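**Q** What shape does this take:
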Amino acid sequence: MYCHPSDRNEHSIMESIAKSNFGQVKFSRVNSVVPMRGFTNIVKLHEEEVPIDPYSIFRSISFNKVTESELKNYFSFELASYSSSLFDEQGIKRKSRKSVYYDLFNSVNTPSNC
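**A** Residues are numbered from 1 along each chain as shown. As a prediction, the model looks like this:
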């Protein structure tokens, strides 16, 4: 996704509509919004095809975005907010029992001054 070109395109389309009379407005398929189901669900990464879920990326960006400057900031970096080990091959969060994760952490014995 290219944040900045889409923003420029949106403004130019809106300006062309605003300058026309209602009967003269024409919409072309090029200027229409593409639904998410029209996106490809596979990305080629190092000659390997990796499945992605555009809905989870959209939800993550939508829920975390507060301002427009933050949205532009999201598109300037990688869109992975979680490590890839939390996801399976289809890009869905792994389901696991909490007891499995318990063994991964080391206990720390520090005295408390409470």
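**Q** need the strands for the protein, in chain order.
**A** For the chain, the strands defined by DSSP state E occupy 42-45, 48-51.
**Q** nearest to Phe22, of the ones you listed?
**A** Phe22 sits nearest to strand 42-45 of all the strands of the chain, at 41.6 Å, using Cβ to Cβ. The way it works is simple: take the backbone N, C-alpha and C, and place the C-beta from them, glycine included.
**Q** average pLDDT for that closest one?
**A** The pLDDT scores in strand 42-45 average 76.
**Q** Mind listing the strands it pairs with, and their directions?
**A** Its sheet considered, strand 42-45 pairs with strand 48-51 (antiparallel) by DSSP bridges.
**Q** re earlier: for Ser12, find the nearest of the strands of the chain.
**A** strand 42-45 (28.8 Å).
**Q** Check what contacts that closest one and list those residues.
**A** The contact list for strand 42-45 (Cβ atoms under 8 Å, 6 or more residues apart in numbering) reads 49-52.
**Q** if we can go back for a sec, now for the strands of the chain, which one comes closest to Met14?
**A** Of the strands of the chain, nearest to Met14 by Cβ to Cβ is strand 42-45, at 30.9 Å.
**Q** Just the CA trace of the closest one, in CSV.
**A** The C-alpha atoms that make up strand 42-45 are tabulated as CSV, following Å, rounded to 0.1, in the frame of the first residue of the first chain:
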residue,chain,number,x,y,z
ILE,A,42,0.1,-14.0,-0.9
VAL,A,43,3.3,-12.0,-0.8
LYS,A,44,6.6,-13.1,-2.3
LEU,A,45,9.4,-12.9,0.2
